[in-house]
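Peer 1: Structure of the sequence below:
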Amino acid sequence: MKKMLFCLSALTFAALASAQTKWDLPTGYSANSFQTQNVQQFANEVEQLTGGKLKITLHPGGSLYKANEIKRAVQTGQVPAAEFILSGSANENPLFGVDSIPFLATSYPAARRLYEAARPAQDKLLASQGMKVLFSVPWPGQSLYSIKPVNSPADLAGTKMRAYNPATTRIAQLLKAQPVTIQLAELPQALATGGVQNFLTSSASGVESKLHEQVKYFYPVSAWLPRNATVVNQKAFDALDKATQDAVIKAAAAAEQRGWVTSERLDGEFIKELGTKGMTIGAPSEALRKELSAIGDAMTADWIKAAGPEGQAVIEAYRGR
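Peer 2: Numbers count the residues shown, from 1 in each chain. This next block holds a predicted model:
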């Protein structure tokens, strides 16, 4: 009897040891987004590296949680992992919005330096909320889309400008436009109904959301390169065995490297494609550039005040690199 119980216990343990862990991973971005595709490849590699022991199911397009609910869902343990845009949480803490300070980092090398300068503080902040960062990938620089030509800042005054975080809301206000909070998935409908007339977003979003069908003017101002972060609930990560944790970290490192390279390559390709599909690609006027630059200087100073000594240290570290 004891031998039988021992055998049953051994079989039970073996079954538990080989049991598959399943994670849901929501993102607010469409399945055809390069960001989403990169996360899907990460999930595939995790499953491969763990021999199927950890299976991650991606839920794109806000299908599981709306974009503005995703961070909270992983933070509270409703889902074990998720992807979201960091600057969307800048109202919680200014540190989340450092990569969306206009004209602070306007190239991929600069964005990488800013990421490295900000990462310790951002990782600490997310850890205090029960989350671990797996990897972070930037969007191409945010550029200006408009249904009408923009020859000067005055052309934006009084228009409805899409906002998706505190920074874009503030830019709209400083340009004397009316900020309208609209998630990317809702943008085509808002354009169709006249709910928005111009906005800042990446060349990637322009192609993936087929914005050329409704918007005809594109100005590559490269205001900033905001980053998405793929995170895991710390308790969910801690529940994995060491080998599985190592596999997740390995796949995450590969996803981050791959994502940065892909983002930069696609930016050039996307801008060309927007032009091919009928958009007018035009350099911003000197008047517009000066106005946006002045806004950037003011918002950098405002951000430092809001973020305090920790934020000041991030900017100093970035400028010193």
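
Peer 1: quick one, helices of the stretch 101-250 of the chain?
Peer 2: Using DSSP state H, counting those that start in this stretch, the helices of the stretch 101-250 of the chain run over 108-128, 166-174, 187-192, 203-208, 234-238, 242-276.

Peer 1: Turn these into a markdown table, including mean pLDDT, mean neighbour count and distance to residue 36.
Peer 2: C-betas here are computed from N, CA, C, even on glycine. Output for the helices of the stretch 101-250 of the chain, formatted as a markdown table (pLDDT from 0 to 100; neighbours: other C-beta atoms under 10 Å; distance: least, C-beta to C-beta, whole Å):
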| stretch | mean pLDDT | mean neighbour count | distance to residue 36 |
| --- | --- | --- | --- |
| helix 108-128 | 97 | 17 | 20 |
| helix 166-174 | 89 | 20 | 21 |
| helix 187-192 | 92 | 17 | 16 |
| helix 203-208 | 88 | 23 | 9 |
| helix 234-238 | 98 | 15 | 21 |
| helix 242-276 | 97 | 17 | 11 |
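
Peer 1: Ok, which of these comes nearest residue 74?
Peer 2: Closest approach to residue 74 among those is made by helix 234-238 (8.6 Å; C-beta to C-beta).

Peer 1: Can you spell out which helices and strands pack onto that closest one?
Peer 2: Here helix 234-238 touches strand 131-138, going by 3 or more C-beta pairs under 8 Å, 6 or more residues apart in numbering; DSSP states H and E.

Peer 1: Please put the alpha-carbon coordinates of the strand it packs on into PDB.
Peer 2: Provided in PDB are the C-alpha atoms of strand 131-138 (Å, rounded to 0.1, in the frame of the first residue of the first chain):
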ATOM      1  CA  MET A 131       5.600  44.400 -12.300                       C
ATOM      2  CA  LYS A 132       8.800  43.400 -14.000                       C
ATOM      3  CA  VAL A 133       9.900  44.900 -17.300                       C
ATOM      4  CA  LEU A 134      10.700  42.200 -19.900                       C
ATOM      5  CA  PHE A 135      11.500  44.400 -22.900                       C
ATOM      6  CA  SER A 136      10.800  47.800 -24.300                       C
ATOM      7  CA  VAL A 137      10.700  48.900 -28.000                       C
ATOM      8  CA  PRO A 138      10.200  52.400 -29.400                       C
END
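
Peer 1: Which strands or helices does it pack on?
Peer 2: Using 3+ C-beta pairs under 8 Å, 6+ apart, strand 131-138 sits against helix 34-49, helix 108-128, strand 227-233, helix 234-238, helix 242-276.

Peer 1: quick revisit: just send the helices of the stretch 101-250 of the chain back as a markdown table, with distance to residue 226 too.
Peer 2: As requested, the helices of the stretch 101-250 of the chain are exported to a markdown table (distance: least, C-beta to C-beta, whole Å):
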| stretch | distance to residue 226 |
| --- | --- |
| helix 108-128 | 9 |
| helix 166-174 | 9 |
| helix 187-192 | 16 |
| helix 203-208 | 11 |
| helix 234-238 | 24 |
| helix 242-276 | 11 |
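
Peer 1: Need the helices and strands packed on strand 131-138 in CSV (columns: distance to residue 300).
Peer 2: Formatted as CSV, these follow (distance: least, C-beta to C-beta, whole Å):
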stretch, distance to residue 300
helix 34-49, 26
helix 108-128, 12
strand 227-233, 17
helix 234-238, 32
helix 242-276, 23
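
Peer 1: Out of these, the one nearest residue 83 is which?
Peer 2: strand 227-233 (4.5 Å).

Peer 1: Direction included, what does that closest one pair against?
Peer 2: strand 81-85 (antiparallel), strand 131-138 (antiparallel) (DSSP bridges).

Peer 1: Mean confidence (pLDDT) on that strand, please.
Peer 2: The average pLDDT for strand 227-233 rounds to 98.

Peer 1: quick one: it to chain centroid distance?
Peer 2: Remark: strand 227-233 is offset 8 Å from the chain centroid, using C-alpha atoms, centre = their mean, to the nearest Å.

Peer 1: try stretch 171-183
Peer 2: Centroid separation for stretch 171-183 versus its chain: 20 Å, with C-alpha atoms, centre = their mean.

Peer 1: next one: stretch 159-166
Peer 2: Taking C-alpha atoms, centre = their mean, the mean C-alpha location of stretch 159-166 is offset from the chain mean by 17 Å.

Peer 1: Buried deepest among the strands paired with strand 227-233, which one?
Peer 2: Ranked by mean neighbour count, those are led by strand 81-85 with a mean of 27 (mean count of other C-beta atoms under 10 Å).

Peer 1: Next, the angle helix 242-276 makes with it.
Peer 2: Per axes from the mean of the first three to the mean of the last three C-alpha atoms, to 10 degrees, the angle that strand 81-85 makes with helix 242-276 is 30 degrees.

Peer 1: can you pull the pLDDT of residue 8?
Peer 2: 44.

Peer 1: Please tell me how far residue 318 sits from residue 306.
Peer 2: Distance, residue 318 to residue 306, using C-beta to C-beta, to the nearest Å: 16 Å.
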